[in-house]
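Novice: got a sequence here, can you build the structure:
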Amino acid sequence: MLIKFLDGQTKEYENGINMFEIAKGISNSLAKKSIAAKVNGQFVDMAYILDKDAEVEFIDIDSEDGEEIVRHSTAHLMAQAVLRLFPETKITIGPAIENGFYYDFDPVEQFTEEDLKKIEDEMKNIVKENIKVEKFTLSREDAIKYYKETENNKYKVELVEAIPEGETVSFYRQGNFVDLCRGPHAPSTGYLKAFKLRTVAGAYWRGNSKNKMLQRVYGYAFSNDTRLKNHLKLMEEAEKRDHRKLGKELELFFISEYGPGFPFFLPKGMVFRNVLIDLWRKEHEKAGYAQLETPIMLNKELWETSGHWFNYRENMYTSEIDELEFAIKPMNCPGGVLAFKHQLHSYKDLPARLAELGKVHRHEFSGALHGLMRVRSFTQDDSHIFMTPDQVQSEIIGVVNLIDKFYSKLFGFEYSIELSTKPEKAIGSQEIWDMAEDALAGALDKLGREYKINPGDGAFYGPKLDFKIKDAIGRTWQCGTIQLDFNLPERFDVTYIGEDGEKHRPVMLHRVIYGSIERFIGILIEHYAGAFPMWLAPVQVKVLTINDECVPYAKEIMEKLQELGIRAELDDRIETIGYKIREANGRYKIPMQLVIGKAEVENREVNIRRFGSKDQFSQPLNDFYNYVLDEAAIKFDK
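Specialist: Predicted structure coming up:
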């Protein structure tokens, strides 16, 4: 048989050779580094036997696909360790996730944080044993019988029963541990050396709150120790930057036990939030957007028309008004469509760029709530653009440029773009999808922007571009998105009068830049570690007096700063100047501090300190005002 490799070379082999033997025949290092392979584009284990011509690609353990296999294999490793230590535990599912894995268990007694150390130690023992991992299959009926009679595991029975009749079910065995899985997996447990168990949390079986609460154990896993150590250092830094801790210290926001998932913004937090919102409004006005406000609660009939009632009902909050059922909006889009449809439009009115800072509410499981990152009430900076088909590409270019202005030129974020194309289940003709995907790709090509394609990952109603920003410590966050929509214009029968005098269906584009203002604030807190650039800081200047004799001069400075629109505070407490500086720097991270003493009063000058620096310099008062205005100005020049 003839095998073609990734580099284009071909080689002849005897039938019945497995992937490991092929790799070893090429080089020992390739066999050692390959954790799995692809045969004609399909993932297989290294033990997979080839008996006909094929294209073969080996999966390096350090590659993205390789680490995905490491992580799922490590989930099985953890499950085996748990059963060795707690044999009465029922195992359920354990997928790979970003940077690691988790596994859901139904134990006799709840796991504690102390148990994680025992489990991790047992995992290391199993790695040392270097147990071979083998795949085998059973019929669906035999698999059900196995889990009912041998394992007495109702969770696995439920999973197998969901498999269509007549299909075979694949399993993986490592020693006396067996788990239901499609694979592929590492050839042996000896490949799995770089892991760390992270935490234990509650999780409903299959994500349904009506089901039993299980225990989910999370862990990190990487292909080698260096990557694991680097990630653990990153996590230590992330803990220092935790927006929940900094939000409390900086007096920005809090979440009350009376409203889990519903943030309270304090005065300094509102200043921060309003700076972002005011900037957003100004830049959108410049870009030709008109702002809307749509109701927060609307009749059930609207949500039935939009499809949310049937597809998103469990995440919606509802109420009754005049014996009719209403829902608080989980999304702004249907309201935006009604606002556009309220008036007649001709092709001359298009594109219509309608922007809304809309408050939405979504029911999230309490276990998923996380500070400002995952909440039940948040504000989306939505915009809905209605346009003719020939305007699609130019409008996309306009949105991409606006997103770049915020991300790159203002905040200095690096970011990547992903284009998600038509999924298996989609509405709209192939011709419309081709036009939409070509428009998205064509806009990026025209701008000279690199992007990654996610085949089949678009929404059912249209393709999309996702923008993923990278923060100061290398984490990526999904924020901006551009989505083309063929669904809502059709459902709501939205039209415009074309040049030919006939009704036509507009193309609808959804887009956000911040995404969720609350979440974006959380990201910024962690990105800057609470030390915000001067234009964004809730307090830009702190005036610190050395003694009471300096207070009148300090108050004069304060009045002028406030007149100039600089956000300033006066600290004239009877405390040492060292204490005041440490508090302004260490706790509140004020960008600029002015120390006012006898010399400053006599010379009518200010002594300036900057956050994070021990350096200080003096400046005449009148020169300082021009200096501080320049420092506090918003600059799109990153």
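
Novice: could you pull out the helices for the stretch 1-150 of the chain?
Specialist: Taking DSSP state H, counting those that start in this stretch as the test, the helices found in the stretch 1-150 of the chain are 19-26, 28-33, 64-85, 113-129, 140-145.

Novice: ok, which of the ones you listed comes nearest residue 417?
Specialist: For the helices of the stretch 1-150 of the chain, proximity to residue 417 was assessed by C-beta to C-beta; helix 64-85 is nearest, at 17.8 Å. Every residue, glycine included, has its C-beta placed from N, CA and C.

Novice: how about the closest one: buried residues?
Specialist: The neighbour-count check on helix 64-85 (16 or more other C-beta atoms under 10 Å) flags 65-84 as buried.

Novice: same question for stretch 20-32.
Specialist: Buried positions in stretch 20-32, judged by neighbour count with 16+ other C-beta under 10 Å: 20-24, 31.

Novice: list the buried residues of the helix or strand of the chain with the lowest mean pLDDT.
Specialist: Every helix and strand in the chain was compared by mean pLDDT, DSSP states H and E; the lowest is helix 308-311, with a mean of 86. For helix 308-311, burial by neighbour count (16+ other C-beta under 10 Å) applies to 308-309.

Novice: what packs against that helix?
Specialist: Under the contact criterion of 3 or more C-beta pairs under 8 Å, 6 or more residues apart in numbering; DSSP states H and E, helix 308-311 touches helix 300-306.

Novice: now do the helix it packs on, average pLDDT.
Specialist: Mean pLDDT, computed over helix 300-306, is 93.

Novice: for the helices of the stretch 1-150 of the chain, which one sits closest to residue 316?
Specialist: Each of the helices of the stretch 1-150 of the chain has some distance to residue 316 by C-beta to C-beta; the shortest is helix 64-85, at 33.2 Å.

Novice: and the angle for that closest one with helix 113-129?
Specialist: Interaxial angle, helix 64-85 versus helix 113-129 (axes from the mean of the first three to the mean of the last three C-alpha atoms, to 10 degrees): 110 degrees.

Novice: per-residue confidence averaged over helix 64-85?
Specialist: So the average pLDDT for helix 64-85 ends up being 97.

Novice: rewinding a little: contact partners of the least confident helix or strand of the chain?
Specialist: Contact with helix 308-311 is made by 300, 303-304, 316, 327, 330-331, 334, as judged by C-beta atoms under 8 Å, 6 or more residues apart in numbering.

Novice: could these go into JSON lines alongside distance to residue 551 and neighbour count?
Specialist: As requested, these are exported to JSON lines (distance: C-beta to C-beta, whole Å; neighbours: other C-beta atoms under 10 Å):
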{"residue": "300", "distance to residue 551": "61", "neighbour count": "17"}
{"residue": "303", "distance to residue 551": "59", "neighbour count": "24"}
{"residue": "304", "distance to residue 551": "64", "neighbour count": "14"}
{"residue": "316", "distance to residue 551": "55", "neighbour count": "18"}
{"residue": "327", "distance to residue 551": "56", "neighbour count": "21"}
{"residue": "330", "distance to residue 551": "52", "neighbour count": "18"}
{"residue": "331", "distance to residue 551": "52", "neighbour count": "19"}
{"residue": "334", "distance to residue 551": "56", "neighbour count": "21"}
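
Novice: would TSV of the helices of the stretch 1-150 of the chain with distance to residue 519 be doable?
Specialist: Output for the helices of the stretch 1-150 of the chain, formatted as TSV (distance: least, C-beta to C-beta, whole Å):
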stretch	distance to residue 519
helix 19-26	43
helix 28-33	39
helix 64-85	26
helix 113-129	28
helix 140-145	42
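
Novice: closest one to residue 52 among those helices?
Specialist: Minimum separation from residue 52 across these (C-beta to C-beta) falls at helix 19-26, 13.6 Å.

Novice: packing partners of that closest one?
Specialist: Identification of packing neighbours for helix 19-26 by 3+ C-beta pairs under 8 Å, 6+ apart yields helix 28-33, strand 34-39, strand 54-60.

Novice: I'd say residue 540 and residue 567 touch.
Specialist: Yes. Here residue 540 reaches residue 567: they are 4.6 Å apart, a contact under C-beta atoms under 8 Å.

Novice: contacts only, for residue 203.
Specialist: Residues in contact with residue 203, defined by C-beta under 8 Å, 6+ apart, are 104, 213-216, 367.

Novice: with respect to residue 560, which of the contacts of helix 308-311 is nearest?
Specialist: Nearest to residue 560, judged by C-beta to C-beta, of the contacts of helix 308-311 is residue 331 at 45.9 Å.
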